[in-house]
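>>> can't give you the sequence, but here's the structure:
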């Protein structure tokens with residue numbers, strides 16, 4: 001194959017849009033995990049009798 005010209009970052013961004021972030025902003029948020037655990041516990045503690 002022939003030499004392929006190197007594309008600039010701007011040209012690539014025009015085609016594909018903005019790059020994805022390296023990680024989600026709340027990916028390592030410990031307080032969010034705590035909220036999820038507390039919510040899961042609340043759901044288990046409040047199961048209606050007809051769902052047991």
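Received the coordinates, thanks. Everything numeric in this text was worked out from a predicted model, so none of it was measured.
>>> and the helix or strand where residue 33 lies, how far from the chain's centre?
Per DSSP states H and E, residue 33 falls inside helix 30-45. When C-alpha coordinates are averaged (CA atoms, centre = their mean, to the nearest Å), helix 30-45 and its chain have centres 18 Å apart.
>>> Kindly report the same for stretch 11-21.
Centroid separation between stretch 11-21 and its chain, computed with CA atoms, centre = their mean, is 18 Å.
>>> tell me the mean pLDDT over it?
For stretch 11-21, mean pLDDT rounds to 79.
>>> If we go by neighbour counts, what in that stretch is buried?
For stretch 11-21, the buried set under the neighbour-count rule, 16 or more other CB atoms under 10 Å, is empty. Yep, even glycine has a C-beta here, placed from its N, CA and C like the rest.
>>> From the contact counts, what lies against the helix holding residue 33?
Counting contacts by 3 or more CB pairs under 8 Å, 6 or more residues apart in numbering; DSSP states H and E, helix 30-45 packs against no other helix or strand.
>>> quick one: secondary structure of residue 7?
Assigned with DSSP: H, G, I helix; E, B strand; the rest coil, residue 7 falls in the coil class.
>>> Could I get the phi/psi values of it?
Per-residue torsions, residue 7: phi -90, psi 140 (degrees, to the nearest 10).
>>> What's the local residue count around it?
11 (other CB atoms under 10 Å).
>>> how near is residue 12 to residue 18?
The gap separating residue 12 from residue 18 is 11 Å, by CB to CB, to the nearest Å.
>>> How about residue 11?
To residue 18, residue 11 is 14 Å away according to CB to CB.
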